[in-house]
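Novice: here are the coordinates; sequence isn't available:
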């Protein structure tokens, strides 16, 4: 008796979306190879900072890894979602809205990636391989993928039954199908940083920041100033993750990265502006953070489709979104879970039906979530929307403040029936 040959998927991109898809496709009975241009497994990431995982993502990830408790041991609770107003002149803040049933957890990007990666079988990843092109066979039954080995400078070719595009918001694979689909600059960038205070738990900076932010370690804090806002929460192993959104012209980005290294002059100018806008305890935290960087904030209009023949988009390739609703990672995890279940349900012989169902489940959801995240960002940045005036945290009424809450995201607690 001969064993039936497994179908094969080529995943382009080894970030959270790609590594999540590797898990779910293996569980669906597929062979998997992952092409990733980075030379090795990231042990830390200067641009991968904090992220929030919702209850469904936590449940899914726990089902993929060998020791589900590992996830709890590498994350911290985020049980509170709180929005505050800050008066930069008077140096005072007050609470606008507080949800004590947020029920998420905070992770560092590198910690989550390592957890997912090390739970996979060995030798799935081709590190240091840069995606070049793909071609679909005339009978639509296979796809040939070409990648450049950055070590040997040779082109390799891989043939699979399915190409999974997990190659991020600047996806070359997406561009080949919708060349006119452009990213949309939000009008602002984010200063980001992670302060490691290991060994300095009782320093003036850390003791000081815990006074205006007493629930660090379990709270996602948003502080709204005049036309700007910040995010602050604690990560495991004595780290504080902060973000400050600043209006500025669209930056001239180099290469395929949405992040920019900041010069010492840029950092000093940022520190001076922070002194005008924020509480002194938060400013001190910023000043003590090594190597803060700038993240340009983009999204795009929702796509009309996210698969073509035997090519499917997942993660930021399928729905570039702004980070204001802790959605990006959760959307990627859920994309992977739904795709895996659809492939398992229909089998490789019915690939088109599987991809059609994946699209029918995910596309309406991610389209609404993308637009809601955009709206939330514009509200918190004090920008005008078609149906409302710009949000002023000093004058906002309780009803306006309620709109700031994360739980109002469409499908926030929805579980697709295919996963039940």
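Specialist: Cool, got the structure. Because the structure is predicted, anything quoted here is derived from the model rather than measured.
Novice: And stretch 134-143, what's buried?
Specialist: 134, 142, 143 (16 or more other CB atoms under 10 Å). (Each C-beta comes from the backbone N, C-alpha and C, glycine too.)
Novice: name the helices or strands packed onto the helix or strand that contains the first one?
Specialist: Element membership for residue 134, per DSSP states H and E: strand 129-136. Contacting strand 129-136 under the criterion 3 or more CB pairs under 8 Å, 6 or more residues apart in numbering; DSSP states H and E are the following elements: strand 31-36, strand 143-149, helix 172-177.
Novice: Could you export the ones you listed as JSON lines, including distance to residue 236 and mean pLDDT?
Specialist: What follows is the helices and strands packed on strand 129-136, written out as JSON lines (distance: least, CB to CB, whole Å; pLDDT from 0 to 100):
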{"stretch": "strand 31-36", "distance to residue 236": "25", "mean pLDDT": "98"}
{"stretch": "strand 143-149", "distance to residue 236": "35", "mean pLDDT": "98"}
{"stretch": "helix 172-177", "distance to residue 236": "34", "mean pLDDT": "98"}
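Novice: deepest of these, which one?
Specialist: Of all those, strand 31-36 has the most neighbours on average by mean count of other CB atoms under 10 Å, namely a mean of 22.
Novice: Quick one: residues in contact with that one.
Specialist: With CB atoms under 8 Å, 6 or more residues apart in numbering as the test, strand 31-36 has contacts from 6-14, 18-19, 21-22, 25-26, 124-131, 145, 147, 158, 160.
Novice: For residue 97, find the nearest of the helices and strands packed on strand 129-136.
Specialist: Closest approach to residue 97 among the helices and strands packed on strand 129-136 (CB to CB): helix 172-177, 36.2 Å.
Novice: quick check, distance from the closest one to the centre of its chain.
Specialist: Per CA atoms, centre = their mean, to the nearest Å, the displacement of helix 172-177 from the mean C-alpha position of its chain is 20 Å.
Novice: Dump the buried residues of stretch 134-143 into a markdown table; add distance to residue 208 as well.
Specialist: Formatted as a markdown table, the buried residues of stretch 134-143 follow (distance: CB to CB, whole Å):
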| residue | distance to residue 208 |
| --- | --- |
| 134 | 53 |
| 142 | 60 |
| 143 | 56 |
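Novice: tell me which of those is nearest to residue 87?
Specialist: When the buried residues of stretch 134-143 are compared against residue 87 (criterion: CB to CB), the nearest one is residue 134, at 53.9 Å.
Novice: Leaving out chain neighbours, which residue sits closest to residue 270?
Specialist: The shortest distance from residue 270 to any non-neighbouring residue, by CB to CB, 6 or more residues apart in numbering, is to residue 191 (5.8 Å).
Novice: Tell me the spacing between that neighbour and residue 251.
Specialist: The gap separating residue 191 from residue 251 is 12 Å, by CB to CB, to the nearest Å.
Novice: Of these two, which one has the most company?
Specialist: Shown here are residue 191 and residue 251; by other CB atoms under 10 Å, residue 191 has more neighbours (22 against 14).
Novice: do you know how far the more buried one is from residue 279?
Specialist: In terms of CB to CB, residue 191 sits 16 Å off from residue 279.
Novice: before we move on, the earlier item: mark which of the contacts of strand 31-36 are buried, thanks.
Specialist: 7-14, 18-19, 21-22, 25-26, 124-129, 131, 145, 147, 158, 160.
Novice: Mind checking which of those residues are in helices?
Specialist: 18, 19, 21, 22, 25, 26 (DSSP state H).
Novice: what's residue 289 sitting at in phi/psi?
Specialist: Torsion angles at residue 289 (phi, psi; degrees, to the nearest 10) stand at phi -80, psi 130.
Novice: Helix, strand, or coil at residue 113?
Specialist: Under the three-state scheme (DSSP: H, G, I helix; E, B strand; the rest coil), residue 113 adopts helix.
Novice: from what I can see residue 224 touches residue 393, true?
Specialist: Yes. Counting by CB atoms under 8 Å, residue 393 is a contact partner of residue 224 at 4.1 Å.
Novice: anything in contact with each of these two?
Specialist: Contacts common to residue 224 and residue 393, judged by CB under 8 Å, 6+ apart, are 85, 86, 96.
Novice: show me what contacts the second one?
Specialist: Residues touching residue 86, when contacts are defined by CB under 8 Å, 6+ apart, comprise 92, 93, 223, 224, 225, 277, 278, 279, 393.
Novice: Cheers, nothing more for now.
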